[in-house]
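K.L.:
quick check, what structure comes out for this input:
(one chain, ligands or ions: 1)
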Amino acid sequence: MIRVLFVCLGNICRSPMAEAVFRRMVQEAGHIDRIEVDSAGTGDWHVGEPPHRGTRELLRKRGIDHEGMLARQVKRSDFADFHYIVAMDSTNRDDLQKLARENEAEKEKVVLILDFLPNEKRKDVPDPYFTGNFEEVYRLLDGSCRRLLEHIIERHERL
Ligand code: 4NP
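P.N.:
Predicted structure coming up:
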């Protein structure tokens, strides 16, 4: 089982969208019994809440399931439990690397989602909690999640 964790600040806007979009891609690729997907936030303000209305509406419009998703905070054991810890922006990545402390193997699991998008100069998925632009986030995540899945399938030949 390959486990992928998407991480943003609040776990209500970007990382739940990434989780839902990526899970749908995994399903369509026929790997749902081999790739497990989750999301979490570095902050704890929204723990227990469903995704933000903007994320829910965007997913519903595209027929992507978000049933039962509730925000949680990243925890130390996530570094052992997940193979890929995918940050939405460089602040999330820096916070995750601090949480991994001196453990290099754990630090190496932390990647930036937009690094998977060729020709994308931005490093950070803009936060729609502040910009209100959920469509822009979806466009970035649709492209980058597709590449991430290709990367995982190539890296794990036995999938
Ligand atoms: P997210 O957006 O990290 O994409 O879930 C945010 C949600 C909430 C807050 C910040 C960003 N907040 O400050 O409460």
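K.L.:
who are the packing partners of the worst-scoring helix or strand of the chain on mean pLDDT?
P.N.:
The helix or strand of the chain with the poorest confidence is helix 104-107; it has a mean of 92 (mean pLDDT, DSSP states H and E). Based on contacts counted as 3 or more Cβ pairs under 8 Å, 6 or more residues apart in numbering; DSSP states H and E, there is no element that helix 104-107 packs against. Every residue, glycine included, has its C-beta placed from N, CA and C.
K.L.:
and the residue in the chain positioned nearest to the ligand, how many neighbours?
P.N.:
Closest to the ligand within the chain is residue 10: 2.6 Å, counting by Cβ to the nearest ligand atom. Counted with other Cβ atoms under 10 Å, the neighbours of residue 10 add up to 22.
K.L.:
contacts for the longest helix along the chain, please.
P.N.:
Secondary structure of the chain read by DSSP state H shows that its longest helix is helix 134-155. Applying Cβ atoms under 8 Å, 6 or more residues apart in numbering, the contact partners of helix 134-155 are 2, 4, 13-14, 17-18, 21-22, 25-26, 29, 31, 35, 54-55, 57-58, 62, 84, 86, 113-114, 116-118, 120, 122, 125-126, 128, 159.
K.L.:
buried subset of these, written for ChimeraX?
P.N.:
Buried residues among the contacts of helix 134-155 (16 or more other Cβ atoms under 10 Å), as a ChimeraX selection:
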select :2,4,13,14,17,18,21,22,25,26,29,31,35,54,55,58,84,86,113,114,116,117,125,128
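K.L.:
the ligand contacts on the protein?
P.N.:
8, 9, 10, 11, 12, 13, 14, 41, 45, 46, 127, 129 (Cβ under 6 Å from any ligand atom).
K.L.:
most neighbours, which of the residues you listed?
P.N.:
residue 14 (34 neighbours).
K.L.:
pLDDT value on the closest residue to residue 2 other than its chain neighbours, please?
P.N.:
Nearest residue to residue 2, sequence neighbours excluded (Cβ to Cβ, 6 or more residues apart in numbering): residue 35, at 4.9 Å. On pLDDT, residue 35 comes in at 98.
K.L.:
same check, this time on residue 156
P.N.:
88.
K.L.:
next up, the contacts around the residue nearest to it when sequence neighbours are not counted.
P.N.:
In this structure, residue 156 finds its nearest non-sequential neighbour in residue 2, 5.9 Å apart by Cβ to Cβ, 6+ apart. Residues near residue 2 by Cβ under 8 Å, 6+ apart: 34, 35, 36, 83, 84, 152, 156, 159.
K.L.:
kind regards, and thank you for your time.
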